[in-house]
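Can you look at this prediction? I've put the sequence above it.
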Amino acid sequence: MLRILALIYKRLFEAFGPRHWWPGETPFEVIIGAILTQNTAWTNVEKAINNLKSQDLLTPERLKHLPEDELAELIRPAGYYNLKANRLKEFIKFLFSHYAGDLNQMFNQDMWELRRELLGVKGIGPETADSILLYAGQKPIFVVDAYTRRMLTRHNLIEKKTSYTQIQDLFMTNLKQDVQLYNEYHALIVQLGKEICKSKPKCDICPLKNNSGYTNINYPFAPKI
Ligand code: SF4
């Protein structure tokens, strides 16, 4: 499995190059983006973040004092804005109650313990928690998303019912625990899923098709790469 995962990475990196993900000027901005990006395209999140930035609201302290309905209005472009405003407020509440509003303090916490705490915040699931840990906290944890699952399933590397944790373990037990590697790998899979391995896969132009040109999506490509 190590060889397969390493080859997938190599091929994606050669095809797409470094992704420079996650866009965000500060860890706090990355966290806000990770919460806002649930069920929406990144371009919409950017608009919402720009609204917050233009009013100089992208700090824990300022968001803490901003009324929830005003926050909802500002993040409207991200969709589900009332729900997401509530989620942002829940995170801010957690940050102040556990870490005095200080992100450095929060990220000094043991990674797995912090993950457990984040999963206790309303609206934060495994993918969002892991995105926060990896991209805002620079912690060596692998982010799994729907694109990851789809690519692995199509190549018979996992089963449809494989859990989030099992997929994460697959990467984390086979690859070295490296923030930069995990950062790049997830970003490359996102690029693959958005552009090529879509609901209707474009196997003929995919960097993961095997050398013989065999593109049957049910074929495990490992032996032929
Ligand atoms: S070869 Fe096809 S199924 Fe495999 S990752 Fe590429 S597009 Fe998806």
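Arrived safely, thanks for sending.

okay, CA-based contacts and neighbour counts for the rest of this
Fine.

Give the buried residues for stretch 79-87.
Across stretch 79-87, burial judged by 16 or more other CA atoms under 10 Å covers Gly79, Tyr81, Asn82, Lys84, Ala85, Asn86, Arg87.

Not counting its neighbours along the chain, what's nearest the second one?
Nearest in space to Tyr81, with sequence neighbours left out and distances taken as CA to CA, 6 or more residues apart in numbering, is Ala72 at 5.1 Å.

Can you name the residues that contact the residue nearest in space to the middle of the chain?
Nearest to the geometric centre of the chain sits Ser131, at 4.3 Å (CA atoms, centre = their mean). Neighbour list for Ser131: Ile31, Ala34, Val143 [criterion: CA atoms under 8 Å, 6 or more residues apart in numbering].

Leaving out chain neighbours, which residue sits closest to Phe171?
Nearest to Phe171 is Phe142, by CA to CA, 6+ apart, at 7.0 Å.

From the ligand, how far off is that neighbour?
Computed as CA to the nearest ligand atom, to the nearest Å, the Phe142 to the ligand distance reads 19 Å.

What count of nearby residues applies to that residue?
Neighbour count for Phe142, taken as other CA atoms under 10 Å: 27.

Moving C-terminal from whichever helix in the chain runs longest, which element do we reach first?
Counting by DSSP state H, the longest helix found in the chain is helix 81-99. Proceeding N to C from helix 81-99, the next assigned helix or strand is helix 103-108, under DSSP states H and E.

Show the average pLDDT along that following helix.
Mean pLDDT, helix 103-108: 98.

again with stretch 26-46
On average, the pLDDT along stretch 26-46 is 94.

Extract the CA atoms of that stretch and return them as CSV.
C-alpha atoms of stretch 26-46 as CSV (Å, rounded to 0.1, in the frame of the first residue of the first chain):
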residue,chain,number,x,y,z
THR,A,26,-3.6,33.6,9.0
PRO,A,27,-4.5,30.4,10.9
PHE,A,28,-7.7,32.1,12.0
GLU,A,29,-8.7,32.8,8.4
VAL,A,30,-8.0,29.2,7.5
ILE,A,31,-10.3,28.0,10.3
ILE,A,32,-13.1,30.3,9.2
GLY,A,33,-12.6,29.0,5.6
ALA,A,34,-12.7,25.4,6.8
ILE,A,35,-16.0,26.0,8.5
LEU,A,36,-17.5,28.1,5.7
THR,A,37,-16.5,25.7,2.9
GLN,A,38,-18.9,22.9,4.1
ASN,A,39,-21.3,22.2,1.2
THR,A,40,-20.2,25.1,-1.0
ALA,A,41,-17.6,26.0,-3.7
TRP,A,42,-14.5,27.8,-2.6
THR,A,43,-15.2,30.9,-4.7
ASN,A,44,-18.3,31.5,-2.5
VAL,A,45,-16.2,31.2,0.6
GLU,A,46,-13.8,33.7,-0.7
